[in-house]
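Mind looking at a prediction? Sequence and model below.
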Amino acid sequence: MHFLRKIPWTFVKQLFGIIIGSIIVAISINVFILANRIADGGLTGIAIIFYYLFQWDVGLTVLILNIPLFILGYKVVGKRLLILTIIGVGVFSTALDYANGLPAITHDPFLAAVFGGLITGIGMGIIFRSRGSLGGTDIIAIVLNKKTSFSVGQIILGFDAFVFLGAAIIFNPEMAMYAMIYMFIATKVIDLVQVGLNYSKSVMVISEKPHIIASEIIKSLGRGVTLFEAEGAYSNNNKKVVYSIVNRAQLSQIKDIIHNHDPDAFVAIGDVSEVVGEGFIDWKSLKG
């Protein structure tokens, strides 16, 4: 029992998630993407193009392309992330080879793009929730982000666009379009897996009756409220700003509360993808 207490269970759960996610992505690429000559983004997309052109082994090519990036990113991405990334790439490359014999589920490229994006997104979402990565453009983007003014997202998007352009030239524009559909769906599903269905809304209210509105939100919705001191730049009048976060089901209720007590209130509503704290998710769930 003393030995079990010393096991870093958080790391074990991360490792398990990365392994499962990598296998899911590898299966999706084999049964949907490779079978229908659809490109992927990043280094995997380059490996797939090489497979179509020269019949190079996709898994081995992915591994070889990532090796110099592991060396490049050693001092940039951090030891823990690099270790998890190496494990993810290793499992992914191996699973790509073992799943190579699986039959195609569909030969309709549109269905392949849609369901391939769905399954790949689930796998990648599990990997990201486990604080892992499949390397490739992620490492390139982190390195270039520290040396240029471009964001990580912009660099990854640019690299993917370059791969899709290559696929359009080498094969045909239609296949590149299917690849874009695939990547778009995968990206949306990744976000969904990472943050779940519990999207919340932030509500900011500038009103002449801030205390009444705040009290009603706490009483009727059971949500916390914060009051900020603010000054109108045009009027130079001091005001209190009411700020609260609610779930989507409560949005119409909070609108009614505001309208009933102050129809002239200024209201700004925004999307919040993840909220950690009382009434939402706790840190333990987030780490798990």
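Good, I have the coordinates.

so where's the stretch 101-250 of the chain shaky on pLDDT?
Counting by pLDDT under 70, the low-confidence segments of the stretch 101-250 of the chain come to 142, 145-146, 151-153, 195-199.

Would you state the strands of it in chain order?
With DSSP state E, counting those that start in this stretch, the ranges of strands along the stretch 101-250 of the chain come out as 200-206, 225-231, 238-247.

tell me which residues in the second one are buried?
If I follow you right, that is strand 225-231. By neighbour count, with 16 or more other C-beta atoms under 10 Å as the criterion, the buried positions of strand 225-231 are residue 225. Where you see a C-beta, it was placed from the backbone N, CA and C, and this is true even at glycine.

for residue 268, phi and psi?
Recorded main-chain torsions at residue 268 are phi -120, psi 130, according to degrees, to the nearest 10.

Run a quick check on it versus residue 204, I expect a contact.
Yes: with contact taken as C-beta atoms under 8 Å, residue 268 and residue 204 are classed as touching, separated by 4.5 Å.

picking up where we left off before, buried deepest among the strands of the stretch 101-250 of the chain, which one?
Relative to the other members of those, strand 200-206 carries the highest mean neighbour count by mean count of other C-beta atoms under 10 Å, namely a mean of 20.

and that strand, what does it pack onto?
In terms of contacts (3 or more C-beta pairs under 8 Å, 6 or more residues apart in numbering; DSSP states H and E), strand 200-206 is packed against strand 238-247, helix 251-261, strand 266-272.

quick one, which of the ones you listed is nearest to residue 187?
Taking C-beta to C-beta as the criterion, strand 266-272 is the member of the helices and strands packed on strand 200-206 that comes nearest to residue 187, at 16.1 Å.

Ignoring the adjacent residues along the chain, who's closest to residue 51?
residue 58 (4.9 Å; C-beta to C-beta, 6 or more residues apart in numbering).

What distance do you get for residue 255 to residue 203?
For residue 255, the distance to residue 203 equals 8 Å [C-beta to C-beta, to the nearest Å].

Which neighbours do the two have in common?
Taking C-beta atoms under 8 Å, 6 or more residues apart in numbering as the contact criterion, the residues that touch both residue 255 and residue 203 are residue 267.

Helices of the chain, start to end?
Shown for the chain, the helices assigned by DSSP state H span residues 2-6, 9-28, 42-54, 58-72, 79-98, 109-129, 137-147, 152-170, 173-195, 210-221, 251-261, 283-287.

Pick the most buried one from those helices.
Taking mean count of other C-beta under 10 Å as the contact definition, the stretch among those with the greatest mean neighbour count is helix 109-129, which reaches a mean of 22.

tilt between it and helix 42-54?
If you take axes from the mean of the first three to the mean of the last three C-alpha atoms, to 10 degrees, helix 109-129 sits at 140 degrees to helix 42-54.
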